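# Need a 3D model of the following:
(one chain, ligands or ions: 2)
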Amino acid sequence: MQIRYNCPSDQCVALIEYEPIETLQKPIQCPRCNLSHDLKISPKIKEGTVDACAVCGCRELFIRKDFPQGVGLAVVIIAGALSIYFFRSNFMVSYAILAAAIAFDFVLYLLTGRVTTCYACRAEYRKVGQNPSHEAFDLATSEKY
Ligand SMILES: [Zn+2]
Ligand SMILES: [Zn+2]
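Ligands and ions are numbered 1, 2, ... in the order given. The predicted structure is shown next:
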């Protein structure tokens, strides 16, 4: 399992990546500010699933697709604009563009992995086993933090 999280120090903006955290024994040192800090590796994490965030201990995490969210949005916007552009002259083309955009989105969805993300500190976990209690991002849950 790979973890990526922001350095726990308030003054530091470093993004720390560590893999595999299942076997982590000693504290991690931030490569930027040298802050030495411990991750909480729960028994579940050792087995390859996340039950609680190793950085902040938060038990609420969500799953999102692992690609820049801007990419999917850009495709939708461009396809929408092209589709409107062609709608008057040739609506078969207009529909074909929309269908292609939907297909593209679907393929991206299949090809990209999933990232488990902590609601509280936004730590990201990759290559994790499925935890059925984790769902897609929920705004109401997010607002608690
Ligand atoms: Zn740091
Ligand atoms: Zn966290």
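
# Hmm, L108 is touching V71, no?
Yes - if you go by C-beta atoms under 8 Å, L108 and V71 touch, sitting 7.4 Å apart. The way it works is simple: take the backbone N, C-alpha and C, and place the C-beta from them, glycine included.

# Do I have it right that K44 meets V50?
Yes - assessed by C-beta under 8 Å, K44 is found in contact with V50 at 6.9 Å.

# Of these two, which one has the most company?
Of the pair K44 and V50, V50 is the one with more neighbours under other C-beta atoms under 10 Å, namely 23 against 13.

# Could you say which helix or strand holds the more buried one?
Of the helices and strands defined by DSSP states H and E, none includes V50.

# What distance do you get for it to ligand 1?
22 Å (C-beta to the ion, to the nearest Å).

# In three-state terms, label Y125 for me.
strand (DSSP: H, G, I helix; E, B strand; the rest coil).

# beta partners of it?
Taking DSSP bridges as the rule, Y125 bridges to I3, T116.

# Please report the distance of it from T116.
4 Å (C-beta to C-beta, to the nearest Å).

# Mind listing the shared neighbours of these two?
50, 61 (C-beta atoms under 8 Å, 6 or more residues apart in numbering).

# residues contacting G57?
Neighbours of G57 in contact, by C-beta under 8 Å, 6+ apart: K40.

# wait, doesn't K65 sit right on L111?
No - contact criterion C-beta under 8 Å: K65 and L111 do not qualify, at 9.7 Å.

# Neighbour count: those two, which is higher?
Between K65 and L111, counted using other C-beta under 10 Å, the more crowded position is K65 (16 against 10).

# Identify the residue nearest that one in space, chain neighbours excluded?
Leaving aside its chain neighbours, K65 sits nearest to T112 (5.1 Å; criterion: C-beta to C-beta, 6 or more residues apart in numbering).
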